[in-house]
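# Curious how this folds, go ahead:
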Amino acid sequence: MQDTPTLTKRILFCTDFSPNASLAFDYAIDAAARRPGCILYLIHVIPAPDAQFWKTYIREEGIDLNQKAKDGIDAKIDAEYRPRVPEGVNFKTEFRIGKAYVEIINFAKAIDANLIVLGRQGGSALESLFFGTVAEKVVKRAQCPVLVIPLP
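Just a heads-up that it's a prediction; the model follows:
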């Protein structure tokens with residue numbers, strides 16, 4: 001297989017750890033592996049609840065919720081994704097807290113992503129009509145190409 005000359009040097013893969021995200025990761029890996037020197041970033045966004053009052057209580061108890069979440073996410077990435085990364089692919093991870101599409105777009109801009117890869121999740125037509133999906137919102141706002149992997 002021949003290396004593909006490209007301007008794609010920074011690929012952003014977005015995961016919610018669903019089966020379809022796992023499928024989308026195969027596409028992200030394939031794209032990164034074909035491009036020597038490419039960096040593959042993985043991002044997972046934890047939704048920030050509207051009511052934040054419980055964080056005050058947890059902080060008072062001495063629990064670092066962000067670190068606990070990061071540790072759990074790192075363990076999942078180590079189990080589900082890192083073993084699938086071929087040798088030679090530069091793989092970096094990031095987690096954020098907030099609205100998924102906003103954090104994805106902001107991180108893509110910060111790293112100057114050339115491609116965003118994500119899986120599309122199922123939702124009812126009514127849900128999609130009123131709220132839109134993360135994939136749809138990313139596609140509408142991204143400043144680079146977006147590869148959306150549909151549900152099989």
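
# I'd like to know how far the closest residue to Thr8 other than its chain neighbours sits from Asp26.
For Thr8, ignoring the flanking residues on the chain, the nearest one in space by CB to CB, 6 or more residues apart in numbering is Asn114 at 4.3 Å. Quick note: C-beta positions are derived from backbone N, CA and C, even for glycine. With distances taken as CB to CB, to the nearest Å, Asn114 is found 19 Å from Asp26.

# go on, Pro47?
25 Å.

# Gly98 now?
To Asp26, Gly98 is 27 Å away according to CB to CB.

# neighbouring contacts of stretch 69-82?
Thr15, Phe17, Ser22, Phe25, Leu42, His44, Ile46, Phe91, Thr93, Phe95, Ile97 (CB atoms under 8 Å, 6 or more residues apart in numbering).

# Could you confirm Thr8 falls within a strand?
No - Thr8: not assigned to a strand; according to DSSP: H, G, I helix; E, B strand; the rest coil it is coil.

# surely it meets Val117?
No - Thr8 is beyond contact range of Val117, at 10.7 Å (criterion: CB atoms under 8 Å).

# Please identify which of those two sits among more neighbours.
Higher neighbour count among Thr8 and Val117: Val117, with 27 against 17, using other CB atoms under 10 Å.

# who does the one helix or strand that one maps to touch, helix- and strand-wise?
According to DSSP states H and E, Val117 maps onto strand 115-119. Strand 115-119 is packed against strand 10-15, helix 19-33, helix 100-111, helix 134-141, strand 146-149, with contacts defined by 3 or more CB pairs under 8 Å, 6 or more residues apart in numbering; DSSP states H and E.

# Would you mind finding the most buried of the ones you listed?
Sort these by mean neighbour count, taking mean count of other CB atoms under 10 Å, and strand 10-15 sits at the top with a mean of 25.

# Check which helices and strands that one is in contact with.
helix 19-33, strand 39-46, helix 100-111, strand 115-119.

# low-scoring pLDDT stretches of this protein, where are they?
1-6, 49-63, 65, 122-132 (pLDDT under 70).
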